[in-house]
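Kindly return the folded structure for what I paste below:
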Amino acid sequence: MAIEPLSITRPTPPPTPHPDSPAGPAPALLCLPYAGGAAGAYHGLRGACGAVEVVAVQLPGRENRIAEPPEFSVPRLTDEIASHTARPYALYGHSMGARIAFEVARELRRRGLPPPLRLYAGAAHPPDRRVPLAATADLPDEAFIDQLVRRAGAPEELRDVPELRELLLPVLRADFTWIKRYRYAPEPPLDVPVVAFAGLGDAEVPPGDMLGWARHTRAGFALRTLRGGHLFVRDGSAELARLITADLAGPGPGRGTDPPPVQDDEIHVRVFPADEPPGTPGSDEGGSSRAADRAGGSSQAVDRAGGLAVEATVRGGAVGAAVGLPAAYGAARDAAHGASPGAGRGDGPGDGLGPGEWEQLVDAAEEDRPWLELRARTARRALARAGAHAQAAEGFPDLAAPGPWPADDGWQVTFLPLHTPLGEALAAVAEPRGRTRLSADVWTDR
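Numbering: from 1, shown residues only. A predicted model of the protein is given here:
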């Protein structure tokens, strides 16, 4: 059955331009919903985005299109969104909507139409990765609903209110069928900056998983972590609006040298070419700057290795950082040929391996050894740059654990797998335990 034309809802009246807005027409933010969601999910953004006009896309089968079959297609969505490309615009998609927005951006490129200023992806696995929750699409109704409520923030009323179930279940089934059938087709990365938003309490799509979106742009990538769970767009729209409007007013991720303002509960990480200067005055290349800089009580650590640099900035504490590529180390190859674990060859202060870590390298599959070694050495180097005591002599007990890794004296190490023009890399950030909110800007130009 043919899909009816797309319905796009607009704010009325248009928002009053913010006095600090740049000259020229205010950009539009075209928003695509999560599975089972509708245009109304973006109501909270409309009053909070200043001069940015929030335009919510209404998919078939929901709200004012409830009488239509809930199926949709990317080409038909692109047909309607194309009419908005004559003015500055950005795309925001949440969960399923991020995957749709990504495919719309690629379809617009195929048609030679103006690209968006940004692609914003909220709470979404990268398009080249499987969506674990999609496996629920074939479950019986009760089990399907239970999974959505427990893992994706669906309303509890779906379990007990027959009218709500009758209304939403067909839409949820159609959307999750689309997600399950989706297949990523390789194409060149977008020439559009990508900003990924992750919920601090989202166990389904944690912040580290969203770093994979960097593979799909060559115009700069950023990750921002917000308070909230999987549906933070519904529950935390004010913070999301603040981050989007600030980003659209700036040069974009990967541009310029000044990091964004660091919040009190946040750690900000920037990855850039090693020949560029760090972003904030007062940094100490050998460790963490304890002196308050002009940003107001910030500390910063910078590390360079393998042509990459990483800087980590916090307020009201100390921080350490380290970065590297697997090819930078050779101990894993030595371990494969029987080198003595007691050799302990460190490449810098505090990054020699403990006997327990060497034993893990020897026991690991050969293809895994470079990354395991890199994790151990970067973790130790980050701790040293933070001024923390070295990890216990035996080292970290599980080099394959995703992290954060707890360390001695109340510290922890968080890992950022990176996709850069120099190849796959790894950054490690050492900070006191409990500072888990992450913001990152990653250089992807190539």
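
Every contact and neighbour count from this point should use C-alpha atoms.
Will do.

Run through the stretch 251-400 of the chain and note the low-pLDDT ranges.
Applying pLDDT under 70 to the stretch 251-400 of the chain flags residues 254-260, 279-297, 328-351.

Can you show me the helices along it?
Remark: helices assigned in the stretch 251-400 of the chain by DSSP state H, counting those that start in this stretch are 331-336, 355-363, 369-385.

check contacts around A101.
Counting by C-alpha atoms under 8 Å, 6 or more residues apart in numbering, A101 touches 32, 91-93, 119.

Can you report how many residues neighbour A203?
Neighbour count for A203, taken as other C-alpha atoms under 10 Å: 12.

Sorry, wrong one. I was asking about Q360.
Q360 has 19 neighbours, counted by other C-alpha under 10 Å.

mind checking how far it is from R380?
16 Å (C-alpha to C-alpha, to the nearest Å).

Show me where the stretch 301-446 of the chain has its strands.
308-315, 320-324, 405-406, 411-420, 423-432, 437-442 (DSSP state E, counting those that start in this stretch).

quick one: which of those is nearest V161?
Closest to V161 of the strands of the stretch 301-446 of the chain is strand 437-442 (C-alpha to C-alpha; 36.2 Å).

That closest one relative to strand 308-315, how many degrees between them?
150 degrees (axes from the mean of the first three to the mean of the last three C-alpha atoms, to 10 degrees).

Low-confidence stretches in the stretch 101-250 of the chain?
Ranges of the stretch 101-250 of the chain meeting pLDDT under 70: none found.

how does it look with 90?
Regions of the stretch 101-250 of the chain meeting the criterion pLDDT under 90 cover residues 152-155, 200-201, 203, 206-208, 227-228, 234-237, 249-250.

mind listing the strands in it by residue range?
So, for the stretch 101-250 of the chain - with DSSP E, counting those that start in this stretch - the strands run 119-122, 194-199, 221-226.

Out of those, which is closest to A154?
Nearest of the strands of the stretch 101-250 of the chain to A154, taken as C-alpha to C-alpha: strand 194-199 at 15.2 Å.

what helices or strands is that closest one leaning on?
strand 119-122, helix 207-210, strand 221-226 (3 or more C-alpha pairs under 8 Å, 6 or more residues apart in numbering; DSSP states H and E).

Can you tell me which of these is most buried?
Burial of the helices and strands packed on strand 194-199 is given as mean neighbour count (mean count of other C-alpha atoms under 10 Å); strand 119-122 ranks first at a mean of 28.

In JSON lines, list the helices and strands packed on strand 194-199 along with distance to L416.
Listed next are those as JSON lines, based on distance: least, C-alpha to C-alpha, whole Å:
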{"stretch": "strand 119-122", "distance to L416": "18"}
{"stretch": "helix 207-210", "distance to L416": "7"}
{"stretch": "strand 221-226", "distance to L416": "11"}
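
For the longest helix along the chain, buried residues please.
Criterion DSSP state H: the longest helix present in the chain is helix 162-181. Buried residues in helix 162-181, counting neighbours by 16 or more other C-alpha atoms under 10 Å, are found at 165, 168-169, 171-180.
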